[in-house]
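Q: missing the sequence, but the structure's below:
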């Protein structure tokens, strides 16, 4: 039997090496977050009314994860060269994207450019070079978002070419970067411009913060300023999305046409509440927004104009929580790669931070990358980051020069690995969570029953499905009523039951549910419109107009309701809706 080593014979300065490599510790919370994020996406496939579309979205997401793993695995032997070459390849592809965008955008179309000089140059390119505006083109915010991600990685490729003495390659790479930067400007994407500025700022701070030469007190001040900046962004988003005065002020600054980004954020928050645990399902946002928020019979908005909100809508709060944890621990692990790496690795880490933070800031005002075919490119910064983290080892890292440092990293890694599961479990233990879960299951059952069948113009309105009992809503109704038995003020259950009862013609019952929903959450758009409709068909036009006053109903919602009442033979109710609309029109 092997004897235990006595602790009193070890020298005081001995360092006990852990059997777990440091890079594996740093990978632990990241890999766990990615796996749980994939699980929430699978739940999103289950919840989605259109399974084929959801599977397609899941495959795109899985492709992004595979891209991340492929970059990390491929760069394992020589991280500097592999990431340098990849940076050059992606910047070259970005040049092709820029050229395609410039030639295919219709620069004569209203709103194609916010500055006349951009519009004039775009017209000049198409007139003197080639006009392909009749062909399909990528939307400007998708183009801007992709170029924003790729540009810092292209900088890494340029730096690698220069350090290895490839002068012609360096010159060519600089030209490609200029073209990519030009494409970013011409994309006319304010979100991408904002992401570029903040990405440059955050990455510069990262390079300064974890480098030597400055007292720790000064760096703590910098940490405070960055933290305050991030909290201001989050608080600003919440105030704009929930407080009408802030939303109006934001709309005046941005100058968007209705519905503005801020309006869409407000519209989308009730969907997060409705599908809190599961999400509405991958690829479902368009018709879920139309059917249960905007109360339209056709697709209108493709996404929520916010990456984090979009994830919360389609993958639920578990998906959003996991994505945020993935970001946090990727940045945390990059700090260790930066501290240990050569000067070139340090710059690579800085460029990865620029790419990641730029994409996230762009994501505060856009969700195009997640909502469309470009989803895998969202994971490019994570792939570069994981490859850089793999260079960390126990022998050379100044940050783990003693046992206590390694132990603290191990503790953080373990906590990070369990954090998503623990926080998600807490969501199910929070007071009132069982009522919310029942309402969530009811919303999923209703969505899957209705939107799996509903196709316009085969069905004129979603009400037709409910009234003719084409779909079985009994499971959804049972879940809603169970939710109300646990919490009589559950807004999701009250609003959804009110919507169903309107379609069935049970207007007194609908009024009971909707008045309770309005009392609990007076700012929710769908509740105000439906309760106003109940008051209007009952002849109470002043109350109806008061509820509709702050709403944008210019997408034809009231015309659709008039048609519906004529369609079911309730001409008097249709006329009352018509009168209310006339009185509402200035």
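A: Nice, I can see it. Owing to the predicted nature of the structure, the values given are computational and were not obtained by experimental measurement. Residues are numbered from 1 along each chain as shown.
Q: what count of nearby residues applies to the residue lying closest to residue 446 once chain neighbours are set aside?
A: In this structure, residue 446 finds its nearest non-sequential neighbour in residue 476, 3.9 Å apart by Cβ to Cβ, 6 or more residues apart in numbering. To be clear about C-beta, it is placed using only N, CA and C from the backbone, and glycine gets the same treatment. Residue 476 has 25 neighbours, counted by other Cβ atoms under 10 Å.
Q: same question for residue 370.
A: Residue 370 is surrounded by 27 other residues when neighbours are defined as other Cβ under 10 Å.
Q: residues contacting the most centrally placed residue in the chain?
A: Compute the mean C-alpha point of the chain, and by Cα atoms, centre = their mean the closest residue is residue 307, 1.8 Å away. Shown here is residue 307, whose contacts under the criterion Cβ atoms under 8 Å, 6 or more residues apart in numbering are 360, 362-364, 366-367, 369-370.
Q: point out where the stretch 51-200 of the chain drops to low pLDDT.
A: 107-116, 118-119, 121-123, 125-135 (pLDDT under 70).
Q: same check, this time on the stretch 251-400 of the chain
A: Segments of the stretch 251-400 of the chain classed as low confidence (criterion: pLDDT under 70) are 393-400.
Q: biggest helix in the chain by residues?
A: Secondary structure of the chain read by DSSP state H shows that its longest helix is helix 307-340.
Q: after that one, next one along is what?
A: Helices and strands here follow DSSP states H and E; after helix 307-340, the next one along the chain is helix 343-362.
Q: quick one: the helices in the stretch 151-300 of the chain, in order.
A: Counting by DSSP state H, counting those that start in this stretch, the segments of the stretch 151-300 of the chain that form helices are 167-186, 190-209, 216-242, 244-254, 261-274, 285-289.
Q: including mean neighbour count and distance to residue 429, could those helices go into a markdown table?
A: Shown next, in a markdown table, are the helices of the stretch 151-300 of the chain (neighbours: other Cβ atoms under 10 Å; distance: least, Cβ to Cβ, whole Å):
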| stretch | mean neighbour count | distance to residue 429 |
| --- | --- | --- |
| helix 167-186 | 18 | 45 |
| helix 190-209 | 20 | 35 |
| helix 216-242 | 13 | 24 |
| helix 244-254 | 14 | 33 |
| helix 261-274 | 22 | 18 |
| helix 285-289 | 23 | 27 |
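Q: any idea which of these gets closest to residue 386?
A: Distances from residue 386 to each of the helices of the stretch 151-300 of the chain were compared by Cβ to Cβ, and the smallest falls on helix 190-209, at 16.9 Å.
Q: now do the closest one: everything it contacts.
A: Applying Cβ under 8 Å, 6+ apart, the set of residues contacting helix 190-209 from outside is 114, 141, 144-145, 147-148, 151-152, 184-185, 214, 219, 222-223, 226, 254, 334-335, 338, 346-347, 349-351, 353-366.
Q: ok, now with 6 Å
A: Residues outside helix 190-209 that contact it (Cβ atoms under 6 Å, 6 or more residues apart in numbering): 141, 144-145, 148, 184, 219, 222, 350, 353-354, 357-358, 361-362, 365-366.
Q: thank you, goodbye.
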